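Asks: Make a model of this:
(one chain, ligands or ions: 1)
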Amino acid sequence: MAGRLEGWNAIVSGGAAGAGGAASSLFAREGAHVAVVDIQVEAGQQRAAEIEAQGGKAFFVKCDVSKADEVEAAVATIKDRFDGRIDTLYNHAGTVIVKPFLDTTEAEWDWMMSVNVKSMFLMTRAVLPVMLARGQGTIVNTSSISAVAGTPKEVLYCTSKGACHMFTRAIAIEYRDEGIRCNAVCPGFIRTDHGLRELKELRELGVDVTEDDIIKLQGRICEPEEVAQAALFLASPESSFVNGETLFVDNGMLVGT
Ligand SMILES: NC(=O)c1ccc[n+]([C@@H]2O[C@H](COP(=O)([O-])OP(=O)(O)OC[C@H]3O[C@@H](n4cnc5c(N)ncnc54)[C@H](O)[C@@H]3O)[C@@H](O)[C@H]2O)c1
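Replies: Here you go, the predicted structure:
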């Protein structure tokens with residue numbers, strides 16, 4: 001049976017580990033040739049090697065997606081490897097700063113916005129012309145429940161994710177009639193390095209995110225594969241009439257609060 005992304009060329013930023021890593025593997029299992037883009041060299045190479053060992057197609061490209069020159073070089077390499085065709089861009093790379101607002105610095109603000117927001121701008125700006133040349137392409141961005149639900153000690157992070165929401169919607173509406181769809185996945189707390197560190201740091205600062213709180217909020221912690229499955233749906237033709245949407249992957253957390 002053909003996979004849900006059979007014959008597609010897909011880029012996954014932050015594709016070495018966590019939910020991005022799960023997406024790299026899942027997209028490849030569904031038939032995509034995957035460019036794993038990440039700053040972590042060893043984990044990125046390992047992810048691509050594992051995919052290939054399981055019969056899939058993948059390669060690793062080292063890139064800090066918050067840096068314009070690195071993004072331009074990485075996308076040029078990928079375009080070459082993909083013979084000039086890119087079907088899907090999954091902008092997943094991102095990070096979190098947990099700190100009381102008044103302790104945060106201008107450098108941290110700039111860094112947060114660069115890694116979480118400017119990265120989407122740079123990657124999308126580099127990839128979109130390749131998609132537009134064929135009149136088709138899907139873009140998926142990782143936003144968060146934090147785009148709409150404020151968490152204490154995460155002002156910079158919440159602000160950056162609010163921008164990811166609007167970046168998604170604005171791209172969708174500008175390029176809808178040129179064959180491009182752009183949607184976002186918005187997870188609750190995920191069992192990844194990012195998610196587990198975030199929970200630990202929030203607890204250390206006295207924010208109510210004990211295991212009991214997580215159970216009350218979202219039933220249990222989200223697994224990386226569950227985010228990857230939502231991204232797969234938005235990347236694939238199965239979501240052909242879904243555009244500019246923000247899909248919450250939080251087991252009802254938002255609707256229950
Ligand atoms: N973990 C959560 O609870 C949670 C919840 C909601 C949203 N998110 C979002 O998910 C993303 C984080 O992913 P995760 O939870 O899978 O975490 P993770 O830390 O396990 O994975 C993030 C991946 O992104 C890569 N990365 C980070 N900065 C990069 C950069 N500048 N250039 C290239 N690669 C970079 C890392 O090396 C890593 O492989 C972020 O966008 C975050 O906002 C996470």
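Asks: ok now do Thr138, which residues does it touch?
Replies: When contacts are counted by C-beta atoms under 8 Å, 6 or more residues apart in numbering, Thr138 is found next to Asp87, Thr88, Leu89, Ile180, Arg181, Cys182, Asn183, Leu234, Ala235, Ser236, Ser239. For the C-beta atoms, the positions are set from N, CA and C on the backbone; glycine is no exception.
Asks: residue nearest the centroid of the protein?
Replies: The centroid of the chain falls nearest to His92 when counting by C-alpha atoms, centre = their mean (1.7 Å).
Asks: Is it correct that it is in contact with Ala10?
Replies: No: in this structure, His92 is not within contact of Ala10 by C-beta atoms under 8 Å, at 11.4 Å.
Asks: what residues does this structure put near the ligand?
Replies: Proximity of the chain to the ligand is confined to 13-14, 16-20, 38-40, 63-66, 92-95, 115, 142, 144, 187, 189-190, 192-195, 198 under the rule C-beta under 6 Å from any ligand atom.
Asks: Now pLDDT too, for the contacts of Thr138, in TSV please.
Replies: Output for these, formatted as TSV (pLDDT from 0 to 100):
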residue	pLDDT
Asp87	98
Thr88	98
Leu89	99
Ile180	98
Arg181	98
Cys182	99
Asn183	99
Leu234	98
Ala235	98
Ser236	98
Ser239	98
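Asks: pretty sure Ala76 belongs to a strand, no?
Replies: No: assigned with DSSP: H, G, I helix; E, B strand; the rest coil, Ala76 falls outside any strand and is helix.
Asks: what's the least confident helix or strand in the protein, going by average pLDDT?
Replies: Lowest by mean pLDDT, DSSP states H and E among the helices and strands of the chain is helix 211-218, with a mean of 93.
Asks: That one: how far from the chain's middle?
Replies: Helix 211-218 has its C-alpha centroid displaced from the chain centroid by 24 Å (C-alpha atoms, centre = their mean, to the nearest Å).
Asks: With stretch 76-88 instead?
Replies: Relative to its chain's centre, stretch 76-88 lies at 19 Å (C-alpha atoms, centre = their mean).
Asks: what's in contact with that stretch?
Replies: Among residues not part of stretch 76-88, those counted as contacts by C-beta under 8 Å, 6+ apart are 5, 8-11, 27, 32-33, 35, 37, 59, 61, 127, 130-131, 133-134, 136-140, 235.
Asks: Go again with 7 Å.
Replies: Contact partners of stretch 76-88, identified using C-beta atoms under 7 Å, 6 or more residues apart in numbering, comprise 8-11, 33, 35, 59, 61, 127, 130-131, 134, 137-138, 235.
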